[in-house]
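Enquirer: starting from these lines, generate the structure:
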Amino acid sequence: MSLQIVTDFLNAFYKMMMEDRMSILPIYRNSSLLTYNGGNHAGVESIKKHLEGLSFKKISYNFDDYDAQPLHGGGILIVVAGELCMDDSDRFKFNQTFVLMPEGETWFIQNDVLKIIV
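Expert: Purely as a prediction, here's the structure:
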């Protein structure tokens with residue numbers, strides 16, 4: 001497992017979320033699962049509807065720390081701790097967990113679990 005893959009992924013993912021959250025859709029697959037504060041979304045269409053339905057216009061992320069482990073089958077488990085701010089309002093702590101899976105020379109998100117800590 002390359003830590004460079006992990007840092008490149010995290011930097012790209014959070015940048016896309018801040019600039020144009022719909023731009024993250026190509027890194028999900030129909031087998032992907034997203035859990036956002038307890039709400040479950042399976043597959044690209046469901047994840048797209050979820051992203052379109054988010055009420056905030058602007059979001060900023062600051063990830064303070066992360067850990068990563070290799071998974072059987074070549075995947076990578078990533079656990080992130082950080083802070084986010086929606087529409088320049090209050091800041092909230094969050095935890096986000098990803099399972100990345102290899103696909104040829106690229107990676108896709110198989111699992112994505114985000115929990116905002118209020």
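Enquirer: and the longest helix belonging to the chain, average pLDDT?
Expert: For the chain, the helix with the greatest residue count under DSSP state H is helix 3-19. Across helix 3-19, pLDDT averages out at 94.
Enquirer: low-confidence ranges in the chain?
Expert: Per-residue confidence for the chain (pLDDT under 70) gives these ranges: 1.
Enquirer: re the thing from before, following element in sequence after the longest helix of the chain, please.
Expert: Sequence-wise, the next helix or strand downstream of helix 3-19 (DSSP states H and E) is strand 28-36.
Enquirer: sheet-wise, list the partners of that following strand with their directions.
Expert: Take DSSP bridges as the rule and strand 28-36 pairs in its sheet with strand 39-42 (antiparallel), strand 106-117 (parallel).
Enquirer: now render those strands as CSV, adding mean neighbour count and distance to residue 51.
Expert: Every C-beta, even on glycine, is put in place using the N, C-alpha and C of the backbone. CSV is the format used below for the strands paired with strand 28-36 (neighbours: other Cβ atoms under 10 Å; distance: least, Cβ to Cβ, whole Å):
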stretch, mean neighbour count, distance to residue 51
strand 39-42, 14, 9
strand 106-117, 16, 11
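Enquirer: for these, give me TSV that also has distance to residue 17.
Expert: Listed next are the strands paired with strand 28-36 as TSV, based on distance: least, Cβ to Cβ, whole Å:
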stretch	distance to residue 17
strand 39-42	15
strand 106-117	10
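Enquirer: what's the neighbour count on the closest residue to residue 44 other than its chain neighbours?
Expert: Using Cβ to Cβ, 6 or more residues apart in numbering and skipping the chain neighbours, the partner closest in space to residue 44 is residue 28 (5.2 Å). Counted with other Cβ atoms under 10 Å, residues neighbouring residue 28 total 22.
Enquirer: residues in contact with residue 28?
Expert: By Cβ atoms under 8 Å, 6 or more residues apart in numbering, the contact list for residue 28 reads 34, 43, 44, 47, 108, 109, 112.
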